[in-house]
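>>> structure here, sequence nowhere to be found:
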């Protein structure tokens with residue numbers, strides 16, 4: 001997911017070699033991650049919202065990789081189909097795990113990673129827009145915004161109730177920004193296929209608003225990251241890349257060139273973060289293999 005969106009951001013700015021290398025890596029590792037996830041499926045506690053909501057990563061990954069490869073219409077159809085199938089499978093599991101907790105129970109468990117439900121849903125809006133299916137693109141865009149509001153409200157409620165919780169300062173806290181940034185990108189894709197008129201104007205206005213919200217999150221999250229020593233991991237790379245691409249979309253929407261400068265700066269930040277995390281994963285690979293061998 002993170003690799004796919006950084007590839008999109010690279011393509012936005014004409015860095016085609018970087019973009020192509022990253023999307024090949026994303027396309028190759030996606031089925032590997034699917035197999036690993038399938039193997040771990042039976043050992044997961046589906047009564048835990050932290051588990052079921054994390055499964056939306058698969059949906060978001062399919063949608064992001066599909067969006068990057070949208071020029072190949074058949075690939076977009078295949079990955080879009082996988083994404084919607086995953087969304088329809090995971091959504092009932094997530095609702096079933098969350099329902100018994102009621103509002104206060106949800107508040108006590110809410111974390112940044114819960115925004116993956118909104119990310120995946122907005123990702124589906126991008127897929128449907130890419131396929132030119134206006135109705136479902138609009139429905140999933142609105143639903144993604146609604147899910148973002150619900151999840152963000154729960155997280156902020158938990159911050160007010162128990163700001164010292166270690167779950168609130170994990171790398172996935174950055175998805176609070178990424179969840180609304182992808183809604184901006186989805187709104188841009190939706191606006192492209194709408195006919196000029198009041199609805200298109202409303203979508204454009206909301207899209208500008210979501211970009212402003214995403215921007216307002218950045219200083220807050222930077223403060224949290226430095227104050228609470230939040231580590232760098234894939235959940236942090238994805239929002240940075242998504243903000244770059246969403247800001248580039250705003251440049252297209254408004255024609256304001258300074259958006260391109262901001263987008264380019266965040267692309268390099270996201271790419272640097274991707275390199276740091278990727279190197280960290282490669283360094284840990286021998287230890288992971290050794291643990292796997294010992295376990296068997």
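Structure received. None of these values were measured; they are calculated from a predicted model.
>>> contacts, neighbours, all on C-alpha from now
Fine.
>>> so what's residue 269 closest to, chain neighbours aside?
Once flanking residues are discounted, residue 269 sits nearest to residue 240: 7.2 Å by C-alpha to C-alpha, 6 or more residues apart in numbering.
>>> packing partners of the host helix or strand of the one you found?
Using DSSP states H and E, residue 240 sits within helix 234-254. With contacts taken as 3 or more C-alpha pairs under 8 Å, 6 or more residues apart in numbering; DSSP states H and E, helix 234-254 sits against helix 2-12, helix 175-193, helix 198-227, helix 258-295.
>>> pLDDT on that helix, on average?
The average pLDDT for helix 234-254 rounds to 91.
>>> do the same with stretch 95-115
Taken as a whole, stretch 95-115 carries a mean pLDDT of 93.
>>> low-confidence stretches in the protein?
Applying pLDDT under 70 to the chain picks out residues 36-43, 285-296.
>>> in space, what's closest to the spatially most central residue of it - neighbours in sequence excluded?
Geometric centre of the chain, nearest residue: residue 119, 4.4 Å, by C-alpha atoms, centre = their mean. Among residues not flanking residue 119 along the chain, residue 179 sits closest, at 5.0 Å (C-alpha to C-alpha, 6+ apart).
>>> ok, and what's touching stretch 275-282?
Applying C-alpha atoms under 8 Å, 6 or more residues apart in numbering, the contact partners of stretch 275-282 are 232-234.
>>> what's the angle between the helix holding residue 240 and helix 258-295?
If you take axes from the mean of the first three to the mean of the last three C-alpha atoms, to 10 degrees, helix 234-254 sits at 160 degrees to helix 258-295.
>>> please point out which parts of helix 234-254 sit buried.
Residues 234-251 are the ones in helix 234-254 that count as buried (16 or more other C-alpha atoms under 10 Å).
>>> what's the answer for stretch 84-101, then?
Per 16+ other C-alpha under 10 Å, stretch 84-101 contains these buried residues: 84, 86-87, 90-91, 93-94, 96-98.
>>> tell me the contacts of residue 270?
Contact analysis of residue 270 by C-alpha under 8 Å, 6+ apart lists 6, 237-238, 240-241.
>>> want to throw these into a markdown table with distance to residue 271?
Shown next, in a markdown table, are the contacts of residue 270 (distance: C-alpha to C-alpha, whole Å):
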| residue | distance to residue 271 |
| --- | --- |
| 6 | 7 |
| 237 | 8 |
| 238 | 10 |
| 240 | 9 |
| 241 | 8 |
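>>> gap between residue 111 and residue 231?
In this structure, residue 111 and residue 231 are 15 Å apart, going by C-alpha to C-alpha, to the nearest Å.
>>> so between those two, which is more surrounded?
residue 111 (27 against 12; other C-alpha atoms under 10 Å).
>>> hmm, residue 167 and the more buried one touching each other?
Yes: Residue 111 lies in contact with residue 167 (C-alpha atoms under 8 Å); the separation is 6.3 Å.
>>> what about residue 219, neighbour count?
By other C-alpha under 10 Å, the residues close to residue 219 number 10.
>>> which residue comes closest to residue 121 once chain neighbours are left out?
Nearest residue to residue 121, sequence neighbours excluded (C-alpha to C-alpha, 6+ apart): residue 144, at 4.9 Å.
>>> please apply the same query to residue 67.
Nearest residue to residue 67, sequence neighbours excluded (C-alpha to C-alpha, 6+ apart): residue 127, at 6.2 Å.
>>> wait, isn't that neighbour in contact with residue 140?
No: applying C-alpha under 8 Å as the test, residue 127 and residue 140 come out as separate, 9.8 Å apart.
>>> how about the helix or strand where residue 29 lies: buried residues?
In this assignment (DSSP H and E), residue 29 forms part of helix 16-41. Buried residues in helix 16-41, counting neighbours by 16+ other C-alpha under 10 Å, are found at 18-20, 22-23, 26-27, 30.
>>> cool, stretch 145-155 as well?
Neighbour counts over stretch 145-155 (16+ other C-alpha under 10 Å) mark 145, 147-149, 151-152, 154-155 as buried.
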